[in-house]
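Participant: Coordinates for the following, if possible.
(chains A, B and C)
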Amino acid sequence: MEYYSSNLIEEYLRTRKIPSTACSGCGLGMNHKVVIQAFKELGLKTADIIWGTSIGCAGRQTFATFKGDGFAGTHGRAYAIARGLRIALPPEKKIVLSVGDGDAFGIGLMHLIHSARVNADITVIVHDNLGYQSTGGQFGFTTPMGVKTDSSPYGMFEPNLMSEGMDVMHILKGAGATFLARHVVLADGAMAVESVKKAILNRGFSLVHMPHPCVTNFAMKHLGSRVPVEIFRWFKERTAPLGQEKPNTIWATGIWHDASNTRPEFSEVMWGATEKIRRTGAL
Amino acid sequence: MKRFLETGNFAIAEAAIIAGCRFFAGYPITPATELAESMSLRLPQVDGVYLQAEDECAAMHLCIGAALGGMKAMTATSGPGFILYADPFGWALGCEMPMVVLNSGRVGPVSGITGAPGQGEFYNTRYPTQGGNYESVVLAPNSAQEAMAMVIEAFYLSERLRMPVTVLADQLITDGWEDISIPETEEEMKEMGMRFWPRKFHPGPDFYPATDALDIPPVQMGKNTGGLCSDWTPTEQGYDIEEVEDHHKHAYRLIYKVRNNRELFAHHYEKKYMDDDPDLVVVSYGTPSRVVNTAVGRARSQGMKVGSLRLINLWPFPDEHFTRKAKYLAVELNWDGQLVREIQRAVPKDSDVHFLGICGDLPTNQDLLETFDKILKNQPLQRKGWEMEAW
Amino acid sequence: MKDRIELVASGFGGQGVVRLGQILGEAGVKQGLRVTMLKSHGTEMRGGYVRSQVVLAKKVVDSPICESPDYLIALSSAAYNRFKHTVADNGLIIYDPDFVEEVDNTLTCSQKALPAKKLAMDNFGKPLFSNSVVLGAIAKLLEEEGAVNKEVLLESLLAIIPKFKEENKQAFELGYKSI
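Facilitator: A predicted model of the protein is given here:
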């Protein structure tokens, strides 16, 4: 991962995993740095944050990168673990989940939706590498139409969460998420940091979707090239700020939904009810 | 001491609360639904939280989260939900997270019969997840009162062994009503043999030492210990490492912390008429054992030299009870024979092992007495409908 | 009383058979007895067959199953036909003739008709109270056995069904007198 700023490393990261085990040219490093930069700009200490990850490139490569407490859940289940943890932790502790697209939008989508439903104070960072890359490159639920992967050798044609005008953000907004943003770091990195900060400051369910290039599998299979600049260009051409979408835009970036601190937070609701029932016997 | 008529589910909820459980995640399923209901009523009264999960897989993951934050947690289900625990169960075993899981058996496979007892998860509770390289601790009570005691014991063992512990009940225990005594003072609890162990704090950094030692507190999130836990092979500090040597150390701990500390729970069994080396040992667990105990008593009065061995600690399987060469009969609430296989493995070579299976109901005294008689007379067990099958 | 008394109550779903077992069991506990009560049902839906098996004993109950009940309360013909042969030779079947139309005269146990539904309809205009009639009859029998006092059973009934106390009490007395 690309860490030029050594003070970020010293303050927040475990040198054992930095530089990371991610492939050279992987966009995950840029995304990771955005998140850590947001911690720094918010003045958070390692003790303030619990770092959760899961399975796949995003989970495995970012597990134990953060200096504080960290867990990795089984595939897709970090959202259920985080919800239980939210009940047990003091409200001032932040839970930040660093996960992938297969984890969040595939196997874990139900747990994710239920975390949004209850507005649990969790910040989910989805490092979307457009499919299952750690298993060699199969399509996922955000793989753009027509893209060739090892399991879509004729090009992606099965409808998914980002096809036919569908966007996974609509689902999450409908489910009750209170902060939603999307950023492609190579196009709008500075705004990505701002969104991650807003996501963390929202006392409720936040998700920042950050699609990023996979050089080794995705680019090689679809573009026939491992030269990072090729996939970077392919990404940028398909990215546009929300409201300025072009016909070929796949990722409309910016803040999708900001209802920060408008809904009661999950653990507050639960403990509030418990406290009232214990005192008065009723709600 | 409070004494009243209540369901096993209700008694188990009270037991969990006595044991310090303040987090329960459930998903409605007969015959464990009323346990979730009881917890939803009782937990807020004692400063706890009840969550209804989106499925059983989430339920146990929610418990993992709460346990990671330092709470004593529990979930409960029946067979069709127990299989959805497979995923979190592996995590909880691997990351050594204490919690209690209750499985109330009904008739399977799949949904089967919801309102009738079954014992189809004898092996399933031994292997609740994939991959092997771990031991499981399973306690099987035979009444609501004992279910209460065993849930408290499961919390105790889960803390000391740092792992999820399963209580295997059945529909008759959880849904059945029984006169139940609930202790109210510490003295009464002690008299009833209840043991307690608080959640303790691990300051780190070596959360996963390669040792079979007891009483190592689990990793906890939110205390800034730098604690790590993951689904991968851990180093002693919890970093993910996929090296066989490290995995061997990890697996050693998962297996031998249980095997080498069996004295903690090996006393959980019941023997009746076993002092005179009976010709036939009838082995059972759970509610069928209640009929077995009666039938064995009656058989004795009819001059049959029969004894009853009731297993409460099912796993690790207590081989020490099967060292004597004799005739053995397994009585189980299934038609395929599960406990009987383990008995066959444990007994001395050439022992005579038989199986009586019934499902959805308890065997009758008459069934049992006829079977004892035939085995003692070396007569073949007649196939009688589906109830009796020579093994 | 003898060491162990088995009572089976069975009928349709929604008749209150489980509640009946619960009230009887609760009375047993109040009386200092050891008690088990199993409910079983074929389906989760109303209208299916439902059975309560109550065991009252002096010592800890071993098997909670009523293999040869001393009493069978049959509130449907299906229940009657299903369990009539299990009743002990010196046992008793109490059936509601409104539901059990054909009585098997070949049985070795005793049988008594208890028109609980009719009594409830005639006196209160509602079948709802037929359960209390049945409980009153059971009270009479268990009192004769020296197992459970009438007052204790009535107290349990009124504690578990707090609504319509007066009607339930009257229905209970009707049942007590009618057996």
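Participant: so which residue of chain C comes closest to chain B?
Facilitator: Using CB to the nearest CB, the closest approach of chain C to chain B is made by residue C:37 at 3.8 Å. Yep, even glycine has a C-beta here, placed from its N, CA and C like the rest.
Participant: State the helix or strand in which that residue lies.
Facilitator: According to DSSP states H and E, residue C:37 maps onto strand C:34-41.
Participant: How about the contacts made by the residue of chain C closest to chain B?
Facilitator: With contact taken as CB atoms under 8 Å, 6 or more residues apart in numbering or on different chains, residue C:37 is in contact with B:5, B:176-178, C:21-22, C:24-25, C:52-55, C:64.
Participant: Who does residue 53 form a beta bridge with?
Facilitator: Assuming you mean chain A. Listed by DSSP bridges, the beta-bridge partners for residue A:53 are residue A:72, residue A:98.
Participant: you looked at the wrong chain, it should be chain C
Facilitator: The residues listed as beta-bridge partners of residue C:53 by DSSP bridges are residue C:8, residue C:38.
Participant: ok, now the one 4 residues further on?
Facilitator: The residues paired with residue C:57 through beta bridges, assigned by DSSP bridges, are residue C:4, residue C:34.
Participant: What residues does it make contact with?
Facilitator: For residue C:57, counting by CB under 8 Å, 6+ apart, the contacting residues are C:3, C:4, C:5, C:33, C:34, C:35.
Participant: separation between the third one and residue C:25?
Facilitator: Separation of residue C:5 from residue C:25 (CB to CB, to the nearest Å): 12 Å.
Participant: Before we go further, residue B:13 is sitting in a helix, right?
Facilitator: Yes - the assignment for residue B:13 (DSSP: H, G, I helix; E, B strand; the rest coil) places it in a helix.
Participant: Against residue B:222, how distant is it?
Facilitator: If you go by CB to CB, the gap between residue B:13 and residue B:222 works out to 27 Å.
Participant: So the two - more neighbours on which side?
Facilitator: Neighbours were counted for residue B:13 and for residue B:222 using other CB atoms under 10 Å in any protein chain shown; residue B:13 has more, 29 against 22.
Participant: Need the pLDDT of the more buried one.
Facilitator: At residue B:13 the predicted local distance difference test score is 98.
Participant: residue boundaries of the strands in chain A?
Facilitator: Counting by DSSP state E, residue ranges of the strands within chain A are A:49-53, A:69-72, A:94-100, A:122-128, A:179-182, A:205-211, A:239-241, A:251-258.
Participant: Can you add mean pLDDT, distance to residue B:282 and mean neighbour count and give those strands back as TSV?
Facilitator: Output for these, formatted as TSV (pLDDT from 0 to 100; distance: least, CB to CB, whole Å; neighbours: other CB atoms under 10 Å in any protein chain shown):
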stretch	mean pLDDT	distance to residue B:282	mean neighbour count
strand A:49-53	98	50	28
strand A:69-72	98	47	28
strand A:94-100	98	53	27
strand A:122-128	98	53	28
strand A:179-182	98	63	25
strand A:205-211	98	56	28
strand A:239-241	97	72	18
strand A:251-258	97	65	19
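Participant: Tabulate those (a markdown table), appending distance to residue A:107.
Facilitator: Converted to a markdown table, the strands of chain A look like this (distance: least, CB to CB, whole Å):
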| stretch | distance to residue A:107 |
| --- | --- |
| strand A:49-53 | 14 |
| strand A:69-72 | 14 |
| strand A:94-100 | 10 |
| strand A:122-128 | 13 |
| strand A:179-182 | 20 |
| strand A:205-211 | 16 |
| strand A:239-241 | 26 |
| strand A:251-258 | 22 |
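Participant: so how far is the lowest-mean-pLDDT helix or strand in chain B off the chain centroid?
Facilitator: Every helix and strand in chain B was compared by mean pLDDT, DSSP states H and E; the lowest is strand B:113-117, with a mean of 87. Taking the mean of its C-alpha atoms, strand B:113-117 sits 19 Å from the chain's own mean (CA atoms, centre = their mean, to the nearest Å).
Participant: Please save the CA atoms from the next helix or strand after it in PDB.
Facilitator: Using DSSP H and E, the helix or strand that follows strand B:113-117 towards the C-terminus is helix B:122-126. These are the backbone C-alpha positions of helix B:122-126, laid out as PDB (Å, rounded to 0.1, in the frame of the first residue of the first chain):
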ATOM      1  CA  PHE B 122     -25.800 -36.200  18.500                       C
ATOM      2  CA  TYR B 123     -22.900 -36.000  16.000                       C
ATOM      3  CA  ASN B 124     -24.000 -32.600  14.800                       C
ATOM      4  CA  THR B 125     -23.300 -31.100  18.200                       C
ATOM      5  CA  ARG B 126     -19.900 -32.800  18.200                       C
END
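Participant: What is the following helix or strand past helix B:122-126 packed up against?
Facilitator: The C-terminal neighbour of helix B:122-126 among helices and strands, as given by DSSP H and E, is strand B:138-139. When contacts are defined as 3 or more CB pairs under 8 Å, 6 or more residues apart in numbering or on different chains; DSSP states H and E, strand B:138-139 sits against helix B:144-161, strand B:164-170, strand B:313-315.
Participant: in the first one, what counts as buried?
Facilitator: Buried residues in helix B:144-161, counted by 16 or more other CB atoms under 10 Å in any protein chain shown: B:144-161.
Participant: Over to the second one?
Facilitator: For strand B:164-170, the neighbour count (16+ other CB under 10 Å) marks B:164, B:165, B:166, B:167, B:168, B:169, B:170 as buried.
Participant: Go ahead and confirm the fourth one touches residue B:141.
Facilitator: Yes - between residue B:167 and residue B:141 a contact is recorded at 6.9 Å, counting by CB atoms under 8 Å.
Participant: sorry, back to before: and the angle for the least confident helix or strand of chain B with strand C:34-41?
Facilitator: Angle, strand B:113-117 to strand C:34-41, by axes from the mean of the first three to the mean of the last three CA atoms, to 10 degrees: 160 degrees.
Participant: what lines up beside strand B:113-117 in the sheet?
Facilitator: Partners of strand B:113-117 in the sheet, by DSSP bridges, are strand B:99-107 (antiparallel).
Participant: just how off-centre is the partner strand within its chain?
Facilitator: The gap between where strand B:99-107 is centred and where its chain is centred comes out at 8 Å by CA atoms, centre = their mean.
Participant: Report the mean per-residue pLDDT for that strand.
Facilitator: Averaged across strand B:99-107, pLDDT comes to 97.
Participant: what does stretch C:16-28 give?
Facilitator: Rounded to a whole number, the mean pLDDT of stretch C:16-28 is 95.
Participant: Residue of the stretch 101-250 of chain A nearest chain C, please.
Facilitator: Going by CB to the nearest CB, chain C is nearest to residue A:110 of the stretch 101-250 of chain A, at 24.8 Å.
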